[in-house]
Every structure is written in structure tokens, then in C-alpha cells.
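Participant: Here is my input, please return the structure:
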Amino acid sequence: MVVTGLASTALLAGVGGAGTFAFWTDTQQLEGAAFSSGTLDLQVAGSSATYAWNDLGLVNAAPGESVSSAVELRDVGTTPFTLSISGAATGALSPFATVTVKTGATPSADDTTYPRQETCNGGTQHFSGSLTSTSTQLSSLPAPSPGSPRTLCVVVSLPTTADNAAQGKTMRPTLTLNAQQVLP
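Facilitator: Below is the predicted model:
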């Protein structure tokens, strides 16, 4: 009987070992596509650096004279944005001078003979007035479409109403363009 018990145990052990089954497996990996951030990049006259707008200078201006110039704004990024323009000016001539800001306008030809009178023809006017040393919001407008240019035309003038206190003074206007992402 002991032999039979041992044989039974051995037989069960053999069956138990033969009863182990292998399960087939397979693994797949899901790899996502690239997720990347866009860019917000406003360029003025083809550059993202500070633009020195020397064309807006006028030396020895008399009442009734003006200078105008235009620059190209371009959205070279991939993210849509809105555009706001603020302005300030330094110098004692600031309260006497008028700054006019337009988009889509064309500057008149350079006028080099007295009285020098340049303007921005056509377009949409966004601001006309004096600038102070404190930055002031001048306008908010839709940005140029990505890749498409928008023209910003500015006139700086000394109105005919400027009194004697304006003589011998200077002014330097500064326009700040702020591009802000359009929120979904």
C-alpha cells in the first residue's frame, strides 16, 4: 500500500506538472503624434527688434508743418493675436504736437519745401492727439493675418495753433505695439 500511495503521489505530481499551460501574449504600444507649441511673433519692418523710426523726424518745424511715415507690421508666428497700440512722448514740444495713427494708409511723398506738409492718405484713423510722458492706450485692433502685412502710418504735426511757447522745443514720440494671444 505504501508503494501504491507513492505511485499515486508521483502520478498526481506528474499530472500537475503536465497541467501547466503557456498563455500567448502580445504587446502593442500607442505612440502619440508630436504635440508642439506655436509662436507669437510680431515684426515691424521685417524685424522683431526695436525699430528706430527715423523717418518721423522733422527738424526746425514751424506751425502748420508735418511729417509722415509708414511701417509694415507682420504676424510671422503661428498663434493668432490682437494688437494694441499705446503711445508716449518725451520733450517739451509734446503738448503742442499732434500724433495721428492710421492703419491701411499710405504716406504722402516726402515734402522738403516750406511748408512741409505730409499726411497719411486713406486707411482707418485710430488716434489723433497729443502724447504725454505717461503711456496712453491709443487703439486696439485686429492683428494682421499670419503672413499678411498690415501698414501702420503715423503723422507728427505742429498745428497752426501752436503758440510762441513751442519755439525751440523737441519731442520724441514712442509707440508700443503689444501683441496678445487670442484666447479660445
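Participant: Quick one: mean pLDDT for stretch 45-54?
Facilitator: The predicted model gives stretch 45-54 an average pLDDT of 89.
Participant: so Thr151 sits right up against Gly123, yeah?
Facilitator: Yes. The pair Thr151 / Gly123 is scored as a contact, 7.3 Å apart, by CB atoms under 8 Å. From N, CA and C alone the C-beta is placed, and that goes for glycine too.
Participant: what residues does the helix or strand where Val99 lies touch?
Facilitator: Val99 belongs to strand 98-103 when assigned by DSSP states H and E. Contacts of strand 98-103 with the rest of the structure, by CB atoms under 8 Å, 6 or more residues apart in numbering, involve 85, 87, 89, 120, 123-131, 138-139, 141, 150-159, 173, 175.
Participant: and if you look at stretch 32-43?
Facilitator: Counting contacts by CB under 8 Å, 6+ apart, the residues outside stretch 32-43 that touch it are 48, 73-79, 81, 83, 143, 177, 179, 181.
Participant: Weed out the non-buried ones from those.
Facilitator: For the contacts of stretch 32-43, burial is judged from neighbour counts taken by 16 or more other CB atoms under 10 Å, and it is met by Leu73, Arg74, Asp75, Gly77, Phe81, Leu83, Ala143, Ala179.
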